[in-house]
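[1] Provided below for reference: sequence and predicted model.
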Amino acid sequence: MKWDQALADYKHYLQIERGLSKNSIENYSYDIKKLKTYLATEDLKVTPLTIDTTVVKSFIYSVSKSINPRSQARLVSGLRNFFDYLIFEDYRTTNPLDLIETPRIGRKLPDTLSIEDIDKLINAIDLTYTYSGINLGERNRAMLETLYSCGLRVSELIALKISDLYFEEGFIKVNGKGNKERFVPIGKSTQKFISIWMAIRAHIAIEADSKDILFLNYKGRQLTRAMVFTIIKKLVKTAGIEKNVSPHTFRHSFATHLLENGADLRAIQMMLGHESITTTEIYMHVNRTHLSDILEQFHPRN
């Protein structure tokens, strides 16, 4: 079996058997492609069925000089999953990653924005910004308000459809990781900003495959993840915020602010679409002052 065939079969397995999204499949595939490139560069004539621990170790060592421990851990995990798949399909009997330890990285606390920072970013949006006759400032405000008020991933934001909006019921339907659907509450103010954008959107010549997509570029196409990152980076600079802010920062801030204001952790888990509440529990560590205040307020000995 050659590498291209093994990778194609693995991607098919991830899509059909595990139901992963296109982005997740590409992330899993990236590790195997990187290994394949290394083997070609070093002129190592091994296949997915004959590669051993020694070769894999040399590959990991070669890339470890340029990536941090967290990325190394993700690489090891990705390769281990690939070879586990080959064992599952009876192509191999052993996993060459079994004797390779994953780097210890600890738990990284997410970066968050304060409520004041969120307001600064929103206020930094030029609502008069127009390109090719389309007011993109209103689109940007609706996007950021949706990111923050609903706690969406950037992939969920750009894939959000008009048919997913249930404003009368006060919810939106979100297609999350692994194509798992969930309903997330949406506030009246965010509904208002989306409605303003939709009135502008109605005047765009929209491409056939984007007819139901909510957030579009001026050409009537679905926005890319990179474009959302770019918009946010520019706003951060304009607002004078000295933090490393990405679309995911809004999601972290959504969860943190809910927790700080007394929301139940289980409810936050459901809104974020976390499969395990262990993932959501990281937000318990974000604001220790808040937790101290809760102890002082509610514990009988205080």
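    Okay, I see it.

[2] can you give me the helices in this protein?
    With DSSP state H as the criterion, the chain has helices at 3-16, 22-41, 53-64, 69-88, 115-123, 136-150, 154-158, 188-201, 225-239, 247-260, 265-272, 277-280, 288-298.

[3] any regions of this protein where pLDDT drops low?
    103-110, 276-302 (pLDDT under 70).

[4] can you list the domain ranges for it.
    Domain assignment for the chain by automatic domain parsing gives 3-88, 115-295.

[5] can I get these in JSON lines including mean neighbour count?
    Placement of C-beta: from N, CA and C, glycine included. Shown next, in JSON lines, are those (neighbours: other CB atoms under 10 Å):
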{"stretch": "domain 3-88", "mean neighbour count": "15"}
{"stretch": "domain 115-295", "mean neighbour count": "16"}
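
[6] now tabulate those domains in a markdown table and tack on distance to residue 98.
    As requested, the domains of the chain are exported to a markdown table (distance: least, CB to CB, whole Å):
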| stretch | distance to residue 98 |
| --- | --- |
| domain 3-88 | 8 |
| domain 115-295 | 25 |
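
[7] out of the ones you listed, which is closest to residue 95?
    domain 3-88 (4.4 Å; CB to CB).

[8] centre of the chain to stretch 253-264, how far?
    Centre-to-centre, stretch 253-264 and its host chain are 19 Å apart (CA atoms, centre = their mean, to the nearest Å).

[9] same check, this time on stretch 234-249
    17 Å.

[10] what residues does that stretch touch?
    Stretch 234-249 is contacted by residues 110-113, 117, 120-121, 123-125, 140, 144, 147, 153-154, 157, 225, 228-229, 232-233 when judged by CB atoms under 8 Å, 6 or more residues apart in numbering.

[11] could you do stretch 203-214 as well?
    Outside of stretch 203-214, the residues within contact range by CB under 8 Å, 6+ apart are 133-134, 158-165, 194, 197-198, 201, 216, 218-222.

[12] switch to 10 Å and redo it
    132-135, 139, 142-143, 146, 157-165, 172, 194, 197-198, 201, 216-223 (CB atoms under 10 Å, 6 or more residues apart in numbering).

[13] how far does it stretch from one end to the other?
    Start-to-end span of stretch 203-214 (CA to CA, to the nearest Å) is 13 Å.

[14] ok, stretch 115-132 next?
    For stretch 115-132, the end-to-end distance is 33 Å (CA to CA).

[15] with stretch 12-30 instead?
    One end of stretch 12-30 to the other measures 15 Å (CA to CA).

[16] please apply the same query to stretch 160-173.
    Chord length of stretch 160-173, first to last residue, is 8 Å (CA to CA).

[17] what separates it from the chain centre, distance-wise?
    21 Å.
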